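K.L.:
coordinates only, sequence not included:
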RNA sequence: GCCCUUGUGGUGAAAUGGAUAUCACGAUUGCCUUCGAAGCAAUUAUUCCCCGUUCGAAUCGGGGCAGGGGCACCA
């Protein structure tokens, strides 16, 4: 799939308007205004960006280069012309035109100072915008299946989904979080078969099992599932039994009703425990059973309208008519498949929340199914089809190969969390910080979550993740704990300074490390809107890493508390602004910023 | 066979068509009586191949080579 195309489509749906008043958009507007004077023709696509190299200014634009092409003139001439028109002393310190035709801008100290003051005044709200004001987004993510494990793949979707939700919210969108869970289907049948088997061999009954801890029950069910799955593939007779169980589950047959309902509930309780730990909360829960019923009717209707066809006793969508492949929506047993269920889910969601955009985050292995599905949806509900987007994320895999619950080659979400937490506790105990035993557990939890979340969020969503324990456990370098450490260290300085400076003044900040920090700070609103525009979390992690880097250099090279009066105050204020931005960025990733660690 | 997708240092990743391709892990080495060493600084090497579009290509197009996923009753 062409991902860039998808991004454009997404923007068109939401009509992403950069109406916020951050410096970048102000610049773009200013330049665009001037361009209109030079050229009466229709719009030229120009870019204003923050250059890698500080020598190229706070901002840079390729406007002259782009325009040169249209006007067939020398980009330098055009650049100089734009420069002249923009040189209103108030906003820019300096503008230069350099080969091959870039125009570089240095923002005036006055504007920079105003921005820093805005950070301090806005505090938690800094970075919020109204780019997506009034837009409603339904965001589906996580989608674990009751009766099966919550593995690191689910952890990944959950972390990505929650972060995207926060990023969209920061841009002013109203976001509803949805979780769609497979409570019917072969996996449930396999699990129930296995659980029954295991109960029989251990002379355990349901009432007794119910008395055990939740963790025990979950583990019991997990072993049961593995047992059922093994039987299903290896033994024809067992396979038939399980297929029969599957039908009973759909019918809620009295044979399995109790064990099914209890098992389902236990799974859901367990998932809820994990969500709480991760800091996610869902607005809507959907289940395959109900979606399947709705989907079933839709497909039957569609069959009458000629949108679906009968084939070998199944009902299929003829995808080949649309350049895709055909897929079964209702199987020859008369049961809705995943596709029919998902089809039923769309109008169900819309009934609950009249969304402008419906995003569904899943692993990329079902990318082709979604193409067929969205095409079918477009035929039946054109409006909903046009508003639905699939965001495929990469697969989590091991160096040894694909992760599979069938072979038992899975890492459970909680196990990963516990492993990382152990490592963090070791480091905390080794250090000499005065952290109470009580606080220690909370900090270890926050740091462990930061390590995992950051590791997942910093890779681009589409590409696969090779999962490596050692890497995930790393607390140094480009990692969540590194950012948290930067924050805690600065907070410590602020505590020691005791009390805020009365005056907020930044005019005396002119060393290179100080300027580098200021430069990074003012980019924050741009990062937030760009992350939403492109639906990419790594824009935020990348931003954070650069900011933290600049802050650490500043910290190492520049005395703060020991500096003389006016400088000391200014530097304290700079740190204050920095802690606000660090905290706000981390919040977008769903990461906490402990004051001590 | 058809469709989709990926190819960037030893390994894993980053880079809205922009300036000197960025980082982490690994290796080697300096900096704690000095605001928190989970830090800072230094050394090492790279866009799979060919052609094209462009002022400018890791990025776009064509061809090749090599991985991965999918190709109807699992999700």
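P.N.:
Cool, got the structure. Note that the structure is predicted; figures quoted are calculated from it, not measured.
K.L.:
check contacts around residue A:168.
P.N.:
With contact set as CB atoms under 8 Å, 6 or more residues apart in numbering, residue A:168 has these partners: A:132, A:137, A:139, A:175, A:532. The C-beta positions use only the backbone N, C-alpha and C, and glycine is treated the same way.
K.L.:
then residue A:166?
P.N.:
Taking CB under 8 Å, 6+ apart, we find residue A:166 in contact with A:587-590.
K.L.:
and RNA strand B, which of the contacts of residue A:168 contact it?
P.N.:
Taking CB under 7 Å from any atom of the strand as the test, RNA strand B is in contact with none of the contacts of residue A:168.
K.L.:
now, among these, which is nearest to RNA strand B?
P.N.:
residue A:532 (13.3 Å; CB to the nearest atom of the strand).
K.L.:
host element of the closest one?
P.N.:
helix A:524-534 (DSSP states H and E).
K.L.:
what is the burial count for the closest residue to RNA strand B within the stretch 251-400 of chain A?
P.N.:
Nearest to RNA strand B in the stretch 251-400 of chain A, going by CB to the nearest atom of the strand, is residue A:331, at a distance of 2.1 Å. Neighbour count of residue A:331, defined by other CB atoms under 10 Å: 15.
K.L.:
ok now the helix holding residue A:532, how far from the chain's centre?
P.N.:
Relative to its chain's centre, helix A:524-534 lies at 13 Å (CA atoms, centre = their mean, to the nearest Å).
K.L.:
which neighbouring elements make contact with that helix?
P.N.:
Here helix A:524-534 touches helix A:3-14, helix A:23-38, helix A:152-170, helix A:538-557, helix A:565-588, going by 3 or more CB pairs under 8 Å, 6 or more residues apart in numbering; DSSP states H and E.
K.L.:
lowest average pLDDT across these?
P.N.:
Of all those, the minimum mean pLDDT falls on helix A:3-14 (a mean of 45).
K.L.:
is residue A:270 in contact with residue A:213, as I believe?
P.N.:
No - Residue A:270 is not in contact with residue A:213 according to CB atoms under 8 Å; the separation is 10.8 Å.
K.L.:
looking at those two, which has the bigger crowd around it?
P.N.:
In terms of neighbours (other CB under 10 Å), residue A:270 is the more surrounded of residue A:270 and residue A:213; the figures are 19 against 8.
K.L.:
ok, and what's touching stretch A:368-384?
P.N.:
Here stretch A:368-384 makes contact (CB under 8 Å, 6+ apart) with A:298, A:301-302, A:307, A:317, A:319, A:322, A:324-327, A:329, A:338-339, A:342-343, A:346-347, A:350, A:358, A:360, A:362, A:385-386, A:388, A:390, A:392.
K.L.:
of those residues, list those near RNA strand B.
P.N.:
Counting by CB under 7 Å from any atom of the strand, the members of these near RNA strand B are A:325-327, A:338-339.
K.L.:
so for residue A:69, what's the pLDDT?
P.N.:
pLDDT, read off for residue A:69, is 78.
K.L.:
next up, the contacts around it.
P.N.:
Counting by CB under 8 Å, 6+ apart, residue A:69 has no contacts.
K.L.:
can you list the buried residues in the helix or strand harbouring it?
P.N.:
Per DSSP H and E, residue A:69 falls inside helix A:63-71. The neighbour-count check on helix A:63-71 (16 or more other CB atoms under 10 Å) flags A:63-68, A:71 as buried.
K.L.:
what angle separates the helix or strand residue A:273 falls within from helix A:152-170?
P.N.:
Using DSSP H and E, residue A:273 sits within helix A:257-278. Put simply, helix A:257-278 runs at 60 degrees to helix A:152-170, going by axes from the mean of the first three to the mean of the last three CA atoms, to 10 degrees.
K.L.:
hmm, who's touching helix A:257-278?
P.N.:
The contact list for helix A:257-278 (CB under 8 Å, 6+ apart) reads A:142, A:144, A:146-148, A:150, A:155, A:158-159, A:162, A:181, A:183, A:188, A:191-192, A:195-196, A:206, A:210, A:214, A:217-218, A:221, A:249, A:252, A:281-282, A:413-414, A:417, A:445, A:449, A:590.
K.L.:
picking up where we left off before, nearest to residue A:579 among the buried residues of helix A:63-71?
P.N.:
Closest to residue A:579 out of the buried residues of helix A:63-71 is residue A:63 (35.6 Å), distances taken as CB to CB.
K.L.:
excluding its backbone neighbours, what's nearest that closest one?
P.N.:
Distances taken as CB to CB, 6 or more residues apart in numbering place residue A:46 nearest to residue A:63, at 4.2 Å, with adjacent residues excluded.
K.L.:
surely that neighbour touches residue A:59?
P.N.:
No - Residue A:46 is beyond contact range of residue A:59, at 12.0 Å (criterion: CB under 8 Å).
K.L.:
what's the nearest residue to residue A:439 if we skip its chain neighbours?
P.N.:
Sequence neighbours aside, residue A:596 is the residue nearest to residue A:439 in space, at 7.2 Å (criterion: CB to CB, 6+ apart).
K.L.:
what sits against that neighbour?
P.N.:
A:433, A:435, A:439, A:443, A:488, A:491-492.
K.L.:
hang on, residue A:595 in a strand?
P.N.:
No - assessed with DSSP: H, G, I helix; E, B strand; the rest coil, residue A:595 is coil; it does not lie in a strand.
K.L.:
how many residues are close by it?
P.N.:
Residue A:595: 13 neighbours (other CB under 10 Å).
K.L.:
which residues does it contact?
P.N.:
By CB under 8 Å, 6+ apart, the contact set of residue A:595 is A:488, A:491.
K.L.:
can you give me phi and psi for it?
P.N.:
Backbone torsions of residue A:595, given as degrees, to the nearest 10, read phi -80, psi -30.
K.L.:
model confidence for it, exactly?
P.N.:
pLDDT, residue A:595: 92.
K.L.:
and residue A:46 and residue A:59? Which one has more around it.
P.N.:
residue A:59 (24 against 16).
K.L.:
ok, residue A:558 touching residue A:572?
P.N.:
No - Residue A:558 is beyond contact range of residue A:572, at 11.7 Å (criterion: CB under 8 Å).
K.L.:
just give me the neighbour total for the closest residue to residue A:586 other than its chain neighbours.
P.N.:
Setting aside the residues directly before and after it, residue A:586 is nearest to residue A:593 in space (CB to CB, 6+ apart), at 5.0 Å. Number of residues near residue A:593 (other CB under 10 Å) recorded here: 20.
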